[in-house]
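Trainee: here are the coordinates; sequence isn't available:
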C-alpha cells in the first residue's frame, strides 16, 4: 500500500531492509543502543590510542599547512556519494583528529584556559549523546531537567552561601525543574551556559533590562584586564562600548573605579570585575569593588570563569572574598573543573533576577501545561534545543566530592607556584609576578617581543609545546596556563629547558624551520 | 622543597599519590586516556541498558513530581564532602537519567524536533569529549579546526550550489582553517552553531550590521509561522519587534509579504522565511518570497533548521527551490540529521558576509601570529571556547554518504505520509493537512481543545507516549513529529490506537490519574 514500499524506501543507509539486521546498530538510544555503541566505542578508543602515538607530543609537528594537509589526506571526501560505513569513518576521522590534536592532557600543552577533561566526565558525556535529552521542555528531558535544577542550585549556593532558603535544607523542591511553580525563584540559582562568554552576555543582558525597565540605558564599566567577551557582548546587545578603566597593576583598583563611576554622574552602570584574568590569572579585589559600586548604585557582575572553582577549596576560597555580594557571577567548570567543553554557569543570588529571560512558545510551555504542573524550562537559556551539559558535571561532583575537587584545584595552583619559583631562579628569564591562580608569565630579561613571539611559534611548529602569550605593560610575555592537575615537577623543568633552548636559537626568519 | 609537598598536595581526588597508580585513570586524554575510559564506558553502557529496561517505554511514568523524586533518590547528594568514586557516580546518575529519559529512539516519543541520534555520531562525540579541542584558536584545535573548515564549506555548497569557486574543485585550501589567508572568504561558507536559534540570531545580526553601516536600522519581517527565536533574537539584539505577517494557510504568502514590505516604504528590511515550520513542517514558497524581497531591496534569511536536510535527497530537494538565493540560511543536523545536540549551521553564499563577526583578542589571534600563518578562528562564532560539534557530523557524513543521508530523510518523510493516511481513515479524527516534511497534525473531529491538551498530558503522565501540540487556526491539535527513521508501520498504528483510547476516556480532571 504505502509510501514505505512504493518508493523503495525500505533500504536503510547501511543497505539492509528497515527492521533488518543492520538497523539494530543504527541508533544510539533505545534498548538496543548500548549494544550498537559498544563496538563503535572500541573503534574510537583504538583510534585515540593510535593518534596519540602518531602525534608523539603535545601537538602535531609541521604547523597549520602541514597539519591541514594530513587531515585532508586522512579524511578523504567530506560528503561522498556512498558512505564508507561507521567503523571506517570513525577510524579515519577520529585517528586524524587525535593525531592532530593539541592535547591538554600532555603537560607541555599549557597555553590557554583549555583543560584536560576527567575520564569520568568524558564517560558521562556519552550518555548525553546517546539519550539526547533537550532541556527546552520537560517532555524532552524529564530526568535530565531535574539533574540540571539540582546541580544549578547547589553550585549557586556555593557562590552565594546562605541564600538557599528553606529549600536548601528540606530538599522539597528543585525549582523550575520541580514543576512546583510557587518557589521556582526562591534562593540562589544558576543557568548552564556554553561558557564564560555567554555567561558574561547574560550579566550584561540582565543589567540592560533592569536599566531599560527604569527608562535608562546601562553603561558597562570594566577594567582593561576584562575578558574580550565583555566588549563583544555589549556590541551584540546594542549597548555603548564599555567604559574601560586602566589596570596598570593587572587588577581593577577601587580608587580608579570610583573615579570612573563619579564620571557617570549617577547614570545606570554595571561594573564587571574579574576573578582570574585571562592574561595573568589575577583576581580583582572583589569586596572593595562591590563596596565602591554599591556606593554609586551600580550593579556588579563578576567574571569568575577561571577563578570560580577556588570555591571548592576551604584553603583558597578566601581569595574570592566579596564574590557573594555580586549581582551575578560567571564561572566555568571547563577550566579549573576539568570538564569537556561546555560546562559554563551563570549564577545569581536570587532566581527572581532571571525573570527577564522568561519567554513563551506555545508548543513548549503553553500556560495550561505549566498550570497543570509541567515545568517551564524555556527561560533557563537563550538557546532552545539544549544538550544536558550538566550531566557530566553532576557525575563529576558526585564522583570526586567537594574535597576531591578542592585537591585538584589546590594541586594545580601549587604547581604554578613551583613553576614560578623555577622561572625566577632561571638565569636570563624574568618572572612577571607570583601567580594568583595557575598562570605563570615570564620573558627574556628586559624583554624582546620578536623573540617571545618567535619562540612560541617555533615550539608550535615543531610540535614541542603549546605556550601562550600575553601583552602586558607594552611588552610581550610567554604565558603558561597550568590546568593539568597531574603535571609533575619534571614536566615543569622540561618546559623551562625547552623555552631556554628555543630562545637561545635567537630570532629566526618566520617559517624557515617549518 | 616545593609547594607540591609542603601543602600535602600529593594526594589526588582518588586518594593516591600524584603520579601513582590511581592517576593513570584520572584523565580522558593523553596516551593513557583510552585505557582510563574503557571500563568507565562499560559502566555507562550497562547503566543505559538498565535504565531503558526500568523505564520500559518512551518516557517514565508518573509525571514531573514523581520523576523528580526518583532522580533525587538515585542521585543522592549533589556535592558530597567525600566523593563516591567514578564507577558509583556513573552508575547512579546515568542510570537515573536513562530511566527518566524521554528517549527519541522509542517510536512513541514523537512530540518535538528531538531526534534519535545515530550510534556512529554518538561514538564520534566521545573523541570530542576526550581530546577537548577548543575551536577559538588553532593551537587548541589544529586538526579539528581543519575538519570544521572542510565540513562547513561542503555543507554550505550543498545549500548554495555553484558558489564554491575554484577552491571547490582543487581542494587547495579550506578557508579560515587553512591559514592561507588570501582566500579565506572565497565562496560559500558556514558557521557551526548551537542550533537554529543561534543561527537565526546570526542572520538578524548580520542584517543589523549591514543596515547600521548604511546608517539605518533593519526591520525584521516574518510570518506568524516563524520560530519564536526570531522574536527573541530581535529582542536580544536591541531591534524593534519583528513585523509579523499573518499566515492563515500556514505559510508566508508572497502577496502578503509584498503588502508588508510596501508598508515599510523602503526602510532596510530582513525577511525571515521558514523551510519547515515547528507546528506543521510547512515550507514557505522560498523562490517567490525571495523574488518579492529582492524587488523591495530587502535581505532574506531562511530558517531551514528543520527542512534543510531535504538537500541530501535528489528526490526531495526540489521542495526547497529558491533556498540558494537567500542571503543566509539556518539548518540543523540535530533534527533531520540524527546528530546528538548540538549540530547547527549558519550558511552564507559568500564567506565575506561573515566579516562583521571578526573580532580581535590578542591572546588568541594577534596580528603577527595571523601574518605568520596561524589561522584566525575567533570570528567563526560568537562563543569563545567551543567544542568541536563538527566532528560527529564529519564522521556521519563520511559513514553514510549523501545517499545514506538521503535514504534516512526520505524514509522518515514517507513514514509521515503513512501516518497521515492512517489518521485520515480513522473515524473520529481530523487530519490538519498532508505533511510537507515529517510532522503530522490532527485532532478529534470538530476540535476539542481541552480533550487534546488533556490526552497529551495523560499519555505523558502514564509514560505511554510523548505527543506534541500545536495551536492552529484558533484550535489546539495533536502534533506528531516523526524523526525516527526506523519507525515501523506497526508503531504508527499503535500510536493512533493509543490516542484513540485515551481520547475515548474523555476529559479527565487534571492530575486525577497521575
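Mentor: Perfect, I can see it now. Everything numeric here is computed off the predicted structure, so don't read it as measured data.

Trainee: Would you state the helices of the stretch 1-150 of chain A in chain order?
Mentor: A:3-6, A:33-55, A:63-75, A:86-99, A:119-131, A:142-159 (DSSP state H, counting those that start in this stretch).

Trainee: Longest helix in chain A, by number of residues?
Mentor: Using DSSP state H, we find that the single longest helix of chain A is helix A:390-424.

Trainee: Quick check: buried residues in it?
Mentor: Neighbour-count burial for helix A:390-424, counted by 16 or more other Cβ atoms under 10 Å in any protein chain shown, picks out A:390-423. C-beta coordinates here come from the backbone N, C-alpha and C atoms, glycine included.

Trainee: between that helix and helix B:63-75, how many degrees?
Mentor: Angle of helix A:390-424 versus helix B:63-75, following axes from the mean of the first three to the mean of the last three Cα atoms, to 10 degrees, is 40 degrees.

Trainee: Looking at the helices of the stretch 1-150 of chain A, which one is packed in the most?
Mentor: Among these, the stretch with the highest mean neighbour count (mean count of other Cβ atoms under 10 Å in any protein chain shown) is helix A:119-131, at a mean of 30.

Trainee: Mind giving me the packing neighbours of it?
Mentor: Secondary-structure packing of helix A:119-131 (3 or more Cβ pairs under 8 Å, 6 or more residues apart in numbering or on different chains; DSSP states H and E): helix A:33-55, helix A:390-424, helix B:33-55, helix B:86-99, helix B:119-131.

Trainee: Straight-line length of stretch A:189-198, end to end?
Mentor: Stretch A:189-198 has an end-to-end distance of 16 Å (criterion: Cα to Cα, to the nearest Å).

Trainee: Contacts only, for residue A:469.
Mentor: A:111, A:452, A:453, A:456, A:476, A:477, A:478, A:479, B:362, B:363, B:366, B:369 (Cβ atoms under 8 Å, 6 or more residues apart in numbering or on different chains).

Trainee: filter those to the buried ones?
Mentor: A:111, A:452, A:453, A:456, A:476, A:477, A:478, A:479, B:362, B:363, B:366, B:369.

Trainee: need these in a markdown table with distance to residue B:504, can you?
Mentor: Converted to a markdown table, these look like this (distance: Cβ to Cβ, whole Å):
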| residue | distance to residue B:504 |
| --- | --- |
| A:111 | 65 |
| A:452 | 77 |
| A:453 | 75 |
| A:456 | 72 |
| A:476 | 76 |
| A:477 | 74 |
| A:478 | 74 |
| A:479 | 69 |
| B:362 | 68 |
| B:363 | 65 |
| B:366 | 69 |
| B:369 | 69 |
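
Trainee: quick one: the strands in the stretch 151-300 of chain A?
Mentor: In the stretch 151-300 of chain A, strands defined by DSSP state E, counting those that start in this stretch lie at A:189-193, A:219-223, A:243-245, A:269-274, A:299-303, listed in chain order.

Trainee: Do you know the pLDDT at residue A:1?
Mentor: Per-residue confidence (pLDDT) for residue A:1: 31.

Trainee: Of the helices and strands packed on helix A:119-131, which is nearest residue B:26?
Mentor: Residue B:26 lies closest, by Cβ to Cβ, to one member of the helices and strands packed on helix A:119-131: helix B:33-55, at 7.0 Å.

Trainee: pLDDT (mean, whole number) over that closest one?
Mentor: Averaging pLDDT along helix B:33-55 yields 98.

Trainee: who does it touch, helix- and strand-wise?
Mentor: helix A:33-55, helix A:119-131, helix B:86-99, helix B:119-131.

Trainee: Compare those helices and give me the one nearest residue B:161.
Mentor: With Cβ to Cβ as the criterion, residue B:161 lies closest to helix B:119-131 of those, at 25.0 Å.

Trainee: what angle sits between the closest one and helix A:33-55?
Mentor: Using the same axes, to 10 degrees: helix B:119-131 against helix A:33-55 is 50 degrees.

Trainee: For helix B:119-131, the averaged confidence score.
Mentor: 98.

Trainee: mind checking how far it is from the chain centre?
Mentor: From the chain centre to the centre of helix B:119-131 is a distance of 17 Å (Cα atoms, centre = their mean, to the nearest Å).

Trainee: what's the angle from that helix to helix B:142-159?
Mentor: Counting by the same axes, to 10 degrees, helix B:119-131 lies at 140 degrees to helix B:142-159.

Trainee: between helix B:119-131 and helix A:86-99, how many degrees?
Mentor: Angle, helix B:119-131 to helix A:86-99, by the same axes, to 10 degrees: 20 degrees.

Trainee: if I pick the nearest residue to residue A:43 once chain neighbours are set aside, what's in contact with it?
Mentor: Spatial nearest neighbour of residue A:43, chain neighbours left out: residue A:90 (4.7 Å); criterion: Cβ to Cβ, 6 or more residues apart in numbering or on different chains. Counting by Cβ under 8 Å, 6+ apart, residue A:90 makes contact with A:40, A:43, A:44, A:47, B:120, B:123, B:124, B:395, B:399.

Trainee: Run through the helices of the stretch 301-450 of chain A in chain order.
Mentor: Under the criterion DSSP H, counting those that start in this stretch, the stretch 301-450 of chain A contains helices at A:362-365, A:367-371, A:390-424, A:449-461.

Trainee: And these: which comes nearest chain B?
Mentor: Chain B sits nearest to helix A:390-424 of all the helices of the stretch 301-450 of chain A, at 3.2 Å, using Cβ to the nearest Cβ.

Trainee: check whether the closest one contacts chain B.
Mentor: Yes. Helix A:390-424 reaches chain B (Cβ under 8 Å from any Cβ of the partner chain) through A:391-392, A:394-405, A:407-408, A:410-411, A:414-415, A:417-418, A:421.

Trainee: by contact count, what packs against that helix?
Mentor: Short answer (3+ Cβ pairs under 8 Å, 6+ apart): helix A:390-424 packs on helix A:119-131, helix A:142-159, strand A:429-431, strand A:439-444, helix A:489-504, helix B:3-6, helix B:86-99.

Trainee: Which one of those lies nearest to residue B:337?
Mentor: Proximity to residue B:337 (Cβ to Cβ) singles out helix A:119-131 among these, at 14.1 Å.

Trainee: Please work out which residue of the stretch 201-350 of chain A is closest to chain B.
Mentor: Taking Cβ to the nearest Cβ, chain B has its nearest neighbour within the stretch 201-350 of chain A at residue A:238, 2.7 Å off.

Trainee: Find the nearest non-adjacent residue to that residue, please.
Mentor: residue B:238 is the one closest to residue A:238 (Cβ to Cβ, 6+ apart), at 2.7 Å.

Trainee: now swap in residue A:462 and tell me
Mentor: Closest residue in space to residue A:462, ignoring its immediate chain neighbours: residue A:61 at 5.6 Å, by Cβ to Cβ, 6+ apart.

Trainee: do the same with residue A:405
Mentor: Using Cβ to Cβ, 6+ apart, the closest residue to residue A:405 is residue A:312 (4.0 Å).

Trainee: repeat for residue A:264
Mentor: Spatial nearest neighbour of residue A:264, chain neighbours left out: residue A:219 (5.9 Å); criterion: Cβ to Cβ, 6+ apart.

Trainee: Just list the residues touching that neighbour, thanks.
Mentor: Applying Cβ under 8 Å, 6+ apart, the residues contacting residue A:219 are A:239, A:240, A:242, A:243, A:264, A:267, A:268, A:269, A:270.

Trainee: If it is in a bridge, with which residues?
Mentor: Going by DSSP bridges, residue A:219 is paired in beta bridges with residue A:269.
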